[in-house]
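Visitor: Using only what follows, build the 3D model:
(one chain, ligands or ions: 1)
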Amino acid sequence: MIDCHTHLVFGGDRSNEFEQRLEGVSYSEIAKQGGGIVSSVRATREASLDELLASAEARAKVLLREGVTTLEIKSGYGLDLESERKMLKVARALGERLPVEVLTTCLAAHALPPEYRERSDAYIDLVCETILPTLAKEGLVDAVDGFCEGIAFSVEQIRRVFETAKQLGLPLKLHAEQLSRLGGCQLAAEFGALSADHVEYADEADARAMARSGTAAVLLPGLFLPCVKPNCRQLQTFVSRASPWRWPATLIPGRHPYCRYA
Ligand SMILES: N=CN[C@@H](CCC(=O)O)C(=O)O
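Guide: Predicted structure coming up:
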């Protein structure tokens, strides 16, 4: 069994956000309150490699007990060279310690780190000129991912990340159309990405473009089904179409009970 979308390596504990989501607080609202990705970035930067490894190993063992044999693990809570490297090293170490095949994904284009506030293009420069080439050269990266969204990066910024990944010979994935329809699915299809993930706001044209390029839709209903107002449109858009789709266990901080295993 393959789990193709996990944020398994992270510092801190965001289980309070699961409760907030159940009460109807939106993802963007939680982010505005200082929670969400940026709070995991703070805690992940502060944690040592050994601390991250211990907590991630406990979470991975839960997935293995459920039958997972291949595990994709993203970075994306480091957002600087050292911390992204630390996360990916933890992912590689898990593949060596546990009876599971681990594939690493560099998600440095996940969010704007606080030190780059109002300078998102400069951060994308760092991702494209330093983080991706360095970590790829070190053999830590099996694929490249990004978050194309109003609260993250634009289509044009992600295009630059994809062009860099292509030059490095790395396959692509994208967090796309999660909170709005920005054009990420079309970009993923244009580049022949392995997958576009979330896709809650994708439409029929997106599903058709992805079907043509063989880009799988990774559906993450574990994120929104427990919410007060679930957005189930993606299930109708993709499940009944000829496009390939996947359904991972949704191991993401603050969104899944497994995240308590630390
Ligand atoms: N949408 C962005 N990225 C992750 C969540 C990250 C987080 O909230 O920590 C996702 O797959 O949902």
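Visitor: Ile151 is in contact with Ala31, correct?
Guide: Yes: using Cβ atoms under 8 Å, Ala31 is in contact with Ile151, at 6.0 Å. Any C-beta I mention is one placed from the backbone N, CA and C, and that applies to glycine too.
Visitor: Go through the helix or strand that Ala31 is a member of and flag the buried ones.
Guide: Secondary structure here is read from DSSP states H and E; on that basis Ala31 sits in helix 27-32. For helix 27-32, the neighbour count (16 or more other Cβ atoms under 10 Å) marks 27, 30-31 as buried.
Visitor: next one: that helix to chain centre, how far?
Guide: For helix 27-32, the distance between its averaged C-alpha position and the chain's averaged C-alpha position is 17 Å (Cα atoms, centre = their mean, to the nearest Å).
Visitor: same check, this time on stretch 85-94
Guide: Using Cα atoms, centre = their mean, the mean C-alpha position of stretch 85-94 is found 15 Å from that of the whole chain.
Visitor: Surely Ala196 is within a strand?
Guide: Yes: counting by DSSP: H, G, I helix; E, B strand; the rest coil, Ala196 is part of a strand.
Visitor: hang on, isn't it packed against Leu220?
Guide: No: Ala196 lies out of contact with Leu220 (Cβ under 8 Å); the separation is 11.4 Å.
Visitor: higher neighbour count, these two?
Guide: Each of Ala196 and Leu220 had its neighbours counted (other Cβ atoms under 10 Å), and the higher figure belongs to Ala196 (32 against 23).
Visitor: show me what contacts that one?
Guide: Contacts for Ala196 were tallied using Cβ atoms under 8 Å, 6 or more residues apart in numbering; they are 173-174, 176-177, 184-185, 188-189, 202, 206, 210, 215-218.
Visitor: who does it bridge with?
Guide: In this entry, Ala196 is beta-bridged to Leu174, Ala217, by DSSP bridges.
Visitor: do you know how far it is from the ligand?
Guide: Ala196 sits 12 Å away from the ligand when distances are taken as Cβ to the nearest ligand atom, to the nearest Å.
Visitor: Leaving out chain neighbours, which residue sits closest to Val102?
Guide: Excluding its sequence neighbours, the residue lying closest to Val102 (Cβ to Cβ, 6 or more residues apart in numbering) is Gly95, at 3.2 Å.
Visitor: Assign a three-state SS to that neighbour, would you?
Guide: Reduced to three states with three-state DSSP, the structure at Gly95 is helix.
Visitor: can I get the CA coordinates of whatever helix or strand comes next after the helix holding Ala31 in CSV?
Guide: The element immediately downstream of helix 27-32 (helix or strand, assigned by DSSP H and E) is helix 37-46. The C-alpha coordinates for helix 37-46 follow below in CSV (Å, rounded to 0.1, in the frame of the first residue of the first chain):
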residue,chain,number,x,y,z
ILE,A,37,2.2,25.9,8.6
VAL,A,38,4.2,28.7,10.1
SER,A,39,3.8,27.4,13.6
SER,A,40,5.1,24.0,12.4
VAL,A,41,8.0,25.9,10.8
ARG,A,42,8.9,27.5,14.2
ALA,A,43,8.9,24.2,16.0
THR,A,44,10.6,22.2,13.3
ARG,A,45,13.5,24.7,13.1
GLU,A,46,13.9,24.5,16.8
